[in-house]
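[1] take this sequence and fold it.
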Amino acid sequence: MLRKRFVITVGDARVGKSTTSRLLLELYAKNKLNTRAFYHGHRNKLSMYQNNNFKINHLGFYKGDSDALLVDLELFPRIQVVLTDMPGQNLLEFKLFEKDVSLIENLNYLGYRVTFLHPISHRKDCVEDYLQDLCDYFGNQVDYVVIKNYYFGDQFPYYNGSQLQTEIEKLNGVELVLPGLLWQCYQQLEEAALPYSKAVLPESPLNVIYRSVVFNWMEDFLTSITSNVTASNYLGLSVNQPSLAPVSATVSESLAQTNFSSQQSFSSDESEQEKW
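    Reported below is the predicted structural model:
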C-alpha cells in the first residue's frame, strides 16, 4: 500500500496554484510533517518559506533531475510528503517528462502515490484545456483534488454539472473551496512576501483588519482539509493525524487588541526548525 504522497499543483496560469501550495506548507509545518518542497520554472513562488520550515529546491524537466529526485527520496525514507509547485501552461512539458522517465511508476516503487492539486476559476480553458487533459492522460494512476477558488467568484459554469465533474467523482476525486479574499487584502498579502502564518502577526505590515481576514481565510481552508478524511489522505496527512491545533492565545489577542500601522516591518525571533 502506498502511504506517502507526492503532491503536484497543476493547472492554468493565475488560478491560485502557488497560493494553495503556500497554504499546504502551512499545514505541513503545523502538523510537523517531514516534507520536501520543489518548484518548477524560473520563479520560486514559495521562496518566503525558504527560511521558515522548508528548503525549497528547483526541479527541472530533465532525466537528470528525475534521477536526482528519486535518489533523494530513496536516501531519506522518513520523508512523508513531497510538494512541487508547477507553473501554469507547463502540462504538455510535464506529460512528456513523465512519459520519458516513468515518474509515476518510479514514485509508486518508492511508496509514493501522486496527487494532482488543481485550482479552477470560472474560465473555460482552466477546466477543459487543463483539468480535462490531466484526467484523460493520467486516469486512475493518480488522485485528484479540485480547488474551487472563490477569489474569482462562486460560479464555475464549465465545471459544475459537467461530464468532467462526473469523471472526477468516479475517480474518487475531492472538491474543496478556497474562500475568496478582497483584492486589496490579497495584494497586501502578496507584497508582504511573508509566510501566511507570519503575515497575521502584529509585526506584519498588514493592518489589523487584514490580518484578521487572512487568519480566518487560512484557517477556514486548512480546516476544510483536516476535517475531510479523503482530502487529508490525498494531501499527505495521516488518517490518524489530529486536526489543526487551535489558534494560540497570543495570536488571537494580537488580532483583537492591536492596531499596528501597515508601514511596520516584519521581524522574527522564531527558531528555525529542522530542514530536510
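[2] quick one: least confident helix or strand in this structure?
    Ranked by mean pLDDT, DSSP states H and E, the weakest helix or strand in the chain is helix 249-257, scoring a mean of 47.
[3] contact partners for the nearest residue to residue 2 once chain neighbours are set aside?
    Excluding the flanking residues, the one nearest residue 2 by Cβ to Cβ, 6 or more residues apart in numbering is residue 113, at 3.9 Å. C-betas here are computed from N, CA, C, even on glycine. Counting by Cβ atoms under 8 Å, 6 or more residues apart in numbering, residue 113 touches 2, 4-6, 107, 142-143.
[4] can you do 7 Å?
    2, 5, 143 (Cβ atoms under 7 Å, 6 or more residues apart in numbering).
[5] parallel or antiparallel, which strands does whichever strand or helix holds it pair with?
    In this structure, residue 113 sits in strand 112-120 according to DSSP states H and E. Here strand 112-120 is paired, per DSSP bridges, with strand 4-9 (parallel), strand 143-149 (parallel).
[6] just put those strands in CSV and tack on mean pLDDT and distance to residue 117.
    Compiled in CSV, the strands paired with strand 112-120 are given as follows (pLDDT from 0 to 100; distance: least, Cβ to Cβ, whole Å):
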stretch, mean pLDDT, distance to residue 117
strand 4-9, 95, 5
strand 143-149, 97, 5
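[7] hmm, who's touching whatever helix or strand comes next after the strand holding residue 113?
    Sequence-wise, the next helix or strand downstream of strand 112-120 (DSSP H and E) is helix 125. Residues from elsewhere that reach helix 125 (Cβ under 7 Å, 6+ apart): residue 12.
[8] let me know the distance separating residue 126 from residue 13.
    9 Å (Cβ to Cβ, to the nearest Å).
[9] what's the burial count for residue 219?
    Residue 219 has 16 neighbours, counted by other Cβ atoms under 10 Å.
[10] from residue 177, how far off is it?
    Using Cβ to Cβ, we find residue 219 at a distance of 14 Å from residue 177.
[11] surely residue 70 touches residue 106?
    Yes: counting by Cβ atoms under 7 Å, residue 70 touches residue 106, with 5.5 Å between them.
[12] where does this protein dip in pLDDT?
    Applying pLDDT under 70 to the chain flags residues 1, 52-53, 88-89, 238-276.
[13] one step back: so between residue 126 and residue 13, which is more surrounded?
    Shown here are residue 126 and residue 13; by other Cβ under 10 Å, residue 126 has more neighbours (24 against 12).
[14] list the residues that contact that one.
    Counted by Cβ under 7 Å, 6+ apart, residue 126 has contacts 11-12, 15, 120.
[15] now rank these by neighbours and give me the top one.
    With neighbours set by other Cβ under 10 Å, the maximum within the contacts of residue 126 is found at residue 11, which has 30 neighbours.
[16] how near is that one to residue 42?
    18 Å.
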